[in-house]
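Asker: Fold the stuff below for me.
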Amino acid sequence: MPQPTLTLTPRKSALLAGHDNRLDLLVRVQGPELPPGTVCERPPLTVALVLDRSGSMSGPPLEEAARCARFVLDGLRPTDRAALLTYDDRVDLLVPPSSLDRRSEFDRALRGLSSGGATDLHGGWRRAADALRAEASAETLSRVILLSDGCANRGIVEPQAIAAECRELVESGVTTSTYGLGDRFNEDLMVEMARAGQGNSYYGETAEDLMDPFREELELLNALFARGLELEVEPAEGVRVELLNDYATLGSGRWRLPDLAYASEAWAMLRVHVPRALADEGLDRESNSLVGVRLRYRDLGGMHLSTEAARLGLPSVPVEAFSSIAEDPAVQRRVSELEAARLQLSARRAALEGDWGSVEEILSEIQRLGVDNVWIRNVERELKLLARRRDRSQFSKEARYAALKMRSRLASLEDSAEDLELDGPAFLRRKPAQGKRPEARR
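Answerer: Purely as a prediction, here's the structure:
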């Protein structure tokens, strides 16, 4: 079984002698490529589809949710299982976890969906998670896929309390992905549930936009190489390291990375602070190292594995030599995307306060970051359209999900500033708008 490849790329290949140094370090974790014609072998998957049927889902939204559920069922493999639940202020287990030879039961249940009532989001999620937990094992994948178009207003509604339960269920082998629809759902709740539940979070502006994120999720699950990735960073004495991504912290110097697909790259950007005294010692590759990085993960059979530690050592050079060293373009690009994500969240806060003047100023800063980055430029244009409409709710959601994507996306092995992977696997694409299907325009 091949291992993921772990590499370290500094923004510059040397330290500046005589100064405190701040060094950006790109950590790449790359999955192997599948041989041509090979189908990815993964463990059996059990999916619980949990659909909001509250009153606001009446008509096209509920019809599209049913269509997306059929799409997921169509994309499962014969060894997989599925369950179907709906919720308003009452939760119904329409089809318990079952093999796919009971497909007619799923189709009959989906044809009979009707809307009405309030939104016990937690109750729907919890019943699905408990149903999956009853049969979860280390040799299988179990995922709750939760869809909602509104705010939780029945049962447990506090985001942190719900997220804590999602985190707890991961220990039992059950992960959670969330799908928001429209402009009324609570994006902070949905994102935090998926983050704690080690799944993914998506949204669609309209019912027609929902299919694209379902396709992305299914393609990712079918291409999975490793899960439960944990990055461990051990700096040299006196060196301080901070993480620029927004990954969950597991302890001192330990962070959770996204699940890894074949022919993809999970990554983290570390900012390494080296005091002058250490820089002047001239740490290099032949002696000590600035930082050591190790990856721990589980293969698809549930076995716990780890890589050898990758270590970075750099020479110290005087200012003239340091100034002549070119910056690595991949590190530059990822740092720009992380800064754009930070600014998007700042713009979101300003929009929620109705401060559109500040929003426009922040978008101008993002525009400058996009001069050499097509994706940042495209995202800024989409946000500018929403800002011109003074659409507070939709701006909030698009900025939240765009920032999430820029801070935690899987990248392609040939990631570049110009190729946005729009023709590649759905989970590698860099769309201009997270809430719109690629062919749609505002």
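Asker: Name all residues that make contact with Pro159.
Answerer: Going by Cβ atoms under 8 Å, 6 or more residues apart in numbering, Pro159 touches 186, 188-189, 192-193. Yep, even glycine has a C-beta here, placed from its N, CA and C like the rest.
Asker: Narrow those residues to those in helices?
Answerer: Judged by DSSP state H, these include 188-189, 192-193 as members of helices.
Asker: buried subset of these?
Answerer: For these, a neighbour count by 16 or more other Cβ atoms under 10 Å gives the buried set as 189, 192-193.
Asker: Who are the packing partners of the biggest helix by length in the chain?
Answerer: Counting by DSSP H, the longest helix found in the chain is helix 329-352. Packed against helix 329-352, as judged by 3 or more Cβ pairs under 8 Å, 6 or more residues apart in numbering; DSSP states H and E, are the following elements: strand 5-10, strand 21-30, strand 264-274, helix 356-369, helix 374-388, helix 392-408.
Asker: what's it in contact with?
Answerer: Here helix 329-352 makes contact (Cβ under 8 Å, 6+ apart) with 9-11, 24-26, 244-246, 267, 269, 356, 358-359, 362-363, 365-366, 369-370, 372-373, 375-376, 379-380, 383, 387, 392, 395-396, 399-400, 402-404, 406-407, 415, 417.
Asker: thinking again about what came up before, any chance of a markdown table for the helices and strands packed on helix 329-352, columns mean pLDDT, mean neighbour count and distance to Asp328?
Answerer: What follows is those, written out as a markdown table (pLDDT from 0 to 100; neighbours: other Cβ atoms under 10 Å; distance: least, Cβ to Cβ, whole Å):
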| stretch | mean pLDDT | mean neighbour count | distance to Asp328 |
| --- | --- | --- | --- |
| strand 5-10 | 98 | 17 | 6 |
| strand 21-30 | 98 | 21 | 7 |
| strand 264-274 | 98 | 22 | 12 |
| helix 356-369 | 98 | 17 | 17 |
| helix 374-388 | 97 | 20 | 18 |
| helix 392-408 | 97 | 23 | 19 |
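Asker: Quick one: closest of the ones you listed to Ala207.
Answerer: Closest approach to Ala207 among those (Cβ to Cβ): helix 392-408, 15.0 Å.
Asker: roughly how far out does the closest one sit from the chain middle?
Answerer: 12 Å (Cα atoms, centre = their mean, to the nearest Å).
Asker: rewinding a little: out of the ones in helices among the contacts of Pro159, who's nearest Arg67?
Answerer: When the ones in helices among the contacts of Pro159 are compared for distance to Arg67 (Cβ to Cβ), Met193 wins out at 23.2 Å.
Asker: Contacts only, for the closest one.
Answerer: 125, 146, 159, 162-163, 166, 176, 178, 201.
Asker: do that again at 7 Å, thanks
Answerer: Going by Cβ atoms under 7 Å, 6 or more residues apart in numbering, Met193 touches 162-163, 166, 176, 178.
Asker: will you turn these into a markdown table that also has secondary structure and neighbour count?
Answerer: Listed next are the contacts of Met193 as a markdown table, based on DSSP: H, G, I helix; E, B strand; the rest coil; neighbours: other Cβ atoms under 10 Å:
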| residue | secondary structure | neighbour count |
| --- | --- | --- |
| Ile162 | helix | 24 |
| Ala163 | helix | 20 |
| Cys166 | helix | 25 |
| Thr176 | strand | 32 |
| Thr178 | strand | 29 |
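Asker: so which of those comes closest to Ala207?
Answerer: Thr178 (16.5 Å).
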